[in-house]
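J.: Here is my input, please return the structure:
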Amino acid sequence: MFIEKFLQYIKYEKGYSSHTFVSYQTDLIQFRDFVESRNIAFEPDRIDSSLVREWIVSLMEGAVSASSVNRKLSSLKSFYRFLKQHDLVSHNPLKKITAPKNKKMLPVFLKEDEMENLLDGYDHLFENDFEGTRDKLMIEMFYTLGIRLSELINIKDNDIDLGRETVMITGKRNKQRLLPFGDRFKNAVSEYLMMRNEVVPDRSGNLFVREDGEKLYPMLVYRVVNKYITMVSSLSKRSPHVLRHTFATAMLNRGAELNAVKELLGHSSLAATEVYTHTTFEQLQKIYKQAHPRA
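T.: The predicted model follows:
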């Protein structure tokens, strides 16, 4: 009765989607079944926090991920808020419940030799035409600057200053940052611009365009990156963001300060950049074994 009332509420009064409705329904029925499996009648006002904790433990022992457990707890919290607001219970057993911490996913990245093979080792990977030159520069830009897919697509010709070897990037919330680059990348940009201006005389003001002169769209860039990463790596993830991870990892492994990498990536807080520091340990471990006399 209690679950049915809540489900009717979120369906008709709150207007939740059918997908959300089914998620709540599944989670609450699962909790009810757990309670009844303990030979306890499902009366929400008689359920205490110890029983909820017991349910969490059973889920974790059943190999349910922390994120899934947290979603189920969220459903149960919403259920009890509804019951309390409608005076159907006198207490909320979820108040003293601490949700399990989600496991942080470590960033996936390519090794330095894989990137060297991609950009310099295998010249035959990229066709010597407009699209091949453009696609190679896109991948080199992701690796050289560590930018996001949306940032690459929106770079304009006048954002690039070849003389000063800088590019202005417009990131999230229109926040801009000026990024430096070196001679190798400068030469790659110059080569691309010469070919693009000849092949695509009528075009938008974007640096990267299609052969019809229009700006790139995200799925096209994703397909290009996926295609070429597949040629040099067995990673399951092959997105532009993997190249951003690869940039950050390479910078830290070669001694760049964390704050500097934060600024280059355009992160608003240092916490977002610290996820990459795990990769430096592998390098430190290697150096330690090479240098320490008793390692």
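J.: then stretch 132-152 to PDB, C-alphas only?
T.: C-alpha atoms of stretch 132-152 as PDB (Å, rounded to 0.1, in the frame of the first residue of the first chain):
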ATOM      1  CA  GLY A 132      44.400  13.000 -43.400                       C
ATOM      2  CA  THR A 133      46.300  16.200 -42.600                       C
ATOM      3  CA  ARG A 134      43.400  17.600 -40.600                       C
ATOM      4  CA  ASP A 135      42.800  14.400 -38.700                       C
ATOM      5  CA  LYS A 136      46.400  14.100 -37.700                       C
ATOM      6  CA  LEU A 137      46.500  17.700 -36.500                       C
ATOM      7  CA  MET A 138      43.300  17.200 -34.400                       C
ATOM      8  CA  ILE A 139      44.900  14.200 -32.600                       C
ATOM      9  CA  GLU A 140      48.200  16.100 -32.200                       C
ATOM     10  CA  MET A 141      46.200  19.100 -30.800                       C
ATOM     11  CA  PHE A 142      44.400  16.900 -28.200                       C
ATOM     12  CA  TYR A 143      47.800  15.500 -27.100                       C
ATOM     13  CA  THR A 144      49.800  18.700 -27.300                       C
ATOM     14  CA  LEU A 145      47.200  21.000 -25.500                       C
ATOM     15  CA  GLY A 146      45.000  18.600 -23.500                       C
ATOM     16  CA  ILE A 147      41.900  20.300 -24.600                       C
ATOM     17  CA  ARG A 148      38.300  19.100 -24.600                       C
ATOM     18  CA  LEU A 149      36.400  18.000 -27.700                       C
ATOM     19  CA  SER A 150      34.100  21.000 -27.600                       C
ATOM     20  CA  GLU A 151      37.000  23.300 -27.200                       C
ATOM     21  CA  LEU A 152      38.700  21.900 -30.300                       C
END
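J.: Show me what the helix or strand containing Y143 is packed against.
T.: For Y143, the host element (DSSP states H and E) is helix 130-145. In terms of contacts (3 or more C-beta pairs under 8 Å, 6 or more residues apart in numbering; DSSP states H and E), helix 130-145 is packed against helix 149-153, helix 183-199, helix 218-232, helix 240-253. Backbone N, C-alpha and C define where each C-beta goes, glycine included.
J.: looking at these, which is buried most?
T.: Of the helices and strands packed on helix 130-145, the one with the most neighbours on average (mean count of other C-beta atoms under 10 Å) is helix 240-253, at a mean of 22.
J.: what about the stretch 151-295 of the chain, any weak spots by pLDDT?
T.: The model of the stretch 151-295 of the chain has pLDDT under 70 over residues 278-288, 292, 294-295.
J.: Give the buried residues for the helix or strand S74 falls within.
T.: For S74, the element it lies in under DSSP H and E is helix 66-85. Of the residues in helix 66-85, 69, 71-73, 75-76, 78-80, 82-83 count as buried by neighbour count, 16 or more other C-beta atoms under 10 Å.
J.: just these now: which is nearest R38?
T.: Checking those against R38 with C-beta to C-beta, the nearest one is L76 at 15.8 Å.
J.: how much space is there between the residue most central in space within the chain and G171?
T.: Residue closest to the average C-alpha location in the chain (C-alpha atoms, centre = their mean): H241, at 7.0 Å. To G171, H241 is 14 Å away according to C-beta to C-beta, to the nearest Å.
J.: list residues touching both of the two?
T.: Counting by C-beta atoms under 8 Å, 6 or more residues apart in numbering, the common neighbours of H241 and G171 are R148.
J.: just to revisit the earlier point, next, the angle helix 183-199 makes with the helix holding Y143.
T.: Per axes from the mean of the first three to the mean of the last three C-alpha atoms, to 10 degrees, the angle that helix 130-145 makes with helix 183-199 is 150 degrees.
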